[in-house]
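Participant: predicted coordinates and the sequence they were generated for:
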Amino acid sequence: MAEMEKGSVFQRRGWVTVLALTAAIAWGWAYPLIKLGFGEFHITPDMTGSKMLFAGIRFTLSGLIILAIARGARRRFGVSASWRGWAYVLVFALMNTTLHYAFFYFGLSHSEGARAAILNSLSVFSVVIMACVFFKSDKLTAGKIVGCVVGFAGILALNIGGADSGSFTWLGDGFIIMNALCGAVASLMTRGLSRRVDVFVGTGYSLAIGGVLLVVPGMLMGGTLPVITVAGVVILLLLTAISTIGFALYNKLLSCNPIGRVAIFNSLIPVVGAVTSCLCLGETFYWKYVLAGALAAAGIYIINRGKR
């Protein structure tokens, strides 16, 4: 595989850890920034169309920025296998961006936040297990199973006392599970994407196309940005930067490393999100956040401690 050059900075164990942590921490900061952004734009919890419009603008801008950088760096923009290659890019865009976040916003509108966080975390651990089925480079070991269990325990610890114990609902829990599955499938598809197009260019295509496919239905649902402020625009640009950095690093790492070793770092995202929400939104800090972070870190260590 062309993407799996030996000696690449994206394959050196230390750098993989640093870059994967950077992506996870960046995405964790998105939690409070999204809440702050909704507040600045006056987007209320029931305005699903406006949420999709907000997300669509964010991802479209992110995709265009990645494509502009790729053009400046003279990356190859061609897609192999003609229409089949473009079909793959389109499906990846739907899974990675459009359906992923459409299911997330619909589900979150009909589910408790803590409950949604637990269900959404299924994508992290399902990727680790599913990668062992589809890729020879990812082998199912006792360490991976233990690491997933420990990491998932961290997500559960994060939501101790906060998850609603109500009954399952398709519009709420069902859509959050669909969102998690879309994220897992997109992670598995990343390596195939890198075989058809430069992974950075492919990431730009998927975010730009997927973003537009969020903007259009969001507007058709009556979505608007009711109030536009300088602070709101700054927050939207910060979220765009997070998507640009996070997806560019994560997809590149997935393309040239065992998928499970990279995906498990995302178990830190809800932990970072909880802590940064305390810092930015004045939310109450709980010691369970420390326990959750320790368990997530332990899961990452267990999965990554073996030979490559």
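Facilitator: Cool, the structure landed. Residues are numbered from 1 along each chain as shown.

Participant: which residues does the nearest residue to L94 once chain neighbours are set aside contact?
Facilitator: Closest residue in space to L94, ignoring its immediate chain neighbours: G210 at 6.7 Å, by CB to CB, 6 or more residues apart in numbering. Every C-beta, even on glycine, is put in place using the N, C-alpha and C of the backbone. G210 is in contact with F59, G63, A93, L94, N96, T97, T98, H100, counting by CB atoms under 8 Å, 6 or more residues apart in numbering.

Participant: let's see 7 Å
Facilitator: Each residue near G210 by CB atoms under 7 Å, 6 or more residues apart in numbering is listed here: F59, A93, L94, N96, T97, T98.

Participant: out of those residues, which comes closest to F10?
Facilitator: Nearest to F10 out of the contacts of G210 is N96 (CB to CB; 18.9 Å).

Participant: show me where pLDDT drops low in the stretch 151-300 of the chain?
Facilitator: The stretch 151-300 of the chain contains residues with pLDDT under 70 at 158-168.

Participant: related to what we said a few turns ago, if any of the contacts of G210 are buried, give me the ChimeraX selection for them.
Facilitator: Here is the ChimeraX command that selects the buried residues among these (16 or more other CB atoms under 10 Å):
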select :59,93,94,96,97,98
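
Participant: of the contacts of G210, closest to T284?
Facilitator: Nearest to T284 among those, with distances taken as CB to CB, is F59, at 31.2 Å.

Participant: and the gap between that closest one and V89?
Facilitator: 15 Å (CB to CB, to the nearest Å).

Participant: remind me which helix or strand the residue nearest to L94 belongs to.
Facilitator: Using DSSP states H and E, G210 sits within helix 199-220.

Participant: helix or strand right after that helix?
Facilitator: Heading C-terminal from helix 199-220 (DSSP H and E), you reach helix 230-255.

Participant: so which residues make contact with the following helix or strand past that next one?
Facilitator: Next helix or strand after helix 230-255 toward the C-terminus (DSSP H and E): helix 259-263. Residues outside helix 259-263 that contact it (CB under 7 Å, 6+ apart): 16, 20, 124, 127-128, 131-132, 135, 138, 144, 187-188, 253-254, 303-304.

Participant: report the buried residues of helix 259-263.
Facilitator: Going by neighbour count (16+ other CB under 10 Å), the buried part of helix 259-263 is I259, G260, R261, V262, A263.

Participant: same thing with stretch 255-271?
Facilitator: In terms of neighbour count (16+ other CB under 10 Å), stretch 255-271 has its buried residues at 255-271.

Participant: what packs against whichever strand or helix holds G39?
Facilitator: Secondary structure assigned from DSSP H and E places G39 in helix 13-40. Under the contact criterion of 3 or more CB pairs under 7 Å, 6 or more residues apart in numbering; DSSP states H and E, helix 13-40 touches helix 230-255, helix 269-281.

Participant: run the chain-centre distance for it.
Facilitator: On the basis of CA atoms, centre = their mean, to the nearest Å, helix 13-40 sits 9 Å off its chain's mean C-alpha point.

Participant: between it and helix 230-255, how many degrees?
Facilitator: Taking axes from the mean of the first three to the mean of the last three CA atoms, to 10 degrees, one finds that helix 13-40 is oriented at 150 degrees with respect to helix 230-255.

Participant: elements contacting the host helix or strand of I177?
Facilitator: Here I177, judged by DSSP H and E, is contained in helix 175-196. Contacts defined by 3+ CB pairs under 7 Å, 6+ apart place helix 175-196 against helix 82-93, helix 99-108, helix 113-120, helix 122-134, helix 199-220, helix 230-255, helix 259-263.

Participant: out of these, the one nearest L295 is which?
Facilitator: Judged by CB to CB, the one of the helices and strands packed on helix 175-196 that comes nearest to L295 is helix 122-134, at 12.7 Å.

Participant: let's see that closest one as CSV, backbone CA atoms only.
Facilitator: Output in CSV follows, covering the C-alpha atoms of helix 122-134 (Å, rounded to 0.1, in the frame of the first residue of the first chain):
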residue,chain,number,x,y,z
LEU,A,122,-19.9,2.2,20.8
SER,A,123,-18.3,3.4,17.6
VAL,A,124,-14.9,3.5,19.2
PHE,A,125,-15.0,0.0,20.4
SER,A,126,-16.9,-1.5,17.5
VAL,A,127,-14.2,-0.1,15.1
VAL,A,128,-11.5,-2.0,17.1
ILE,A,129,-13.3,-5.3,16.9
MET,A,130,-14.6,-4.9,13.3
ALA,A,131,-11.1,-4.0,12.0
CYS,A,132,-9.9,-7.4,13.2
VAL,A,133,-12.5,-9.0,11.0
PHE,A,134,-11.8,-7.0,7.8
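
Participant: understood, closing this out.
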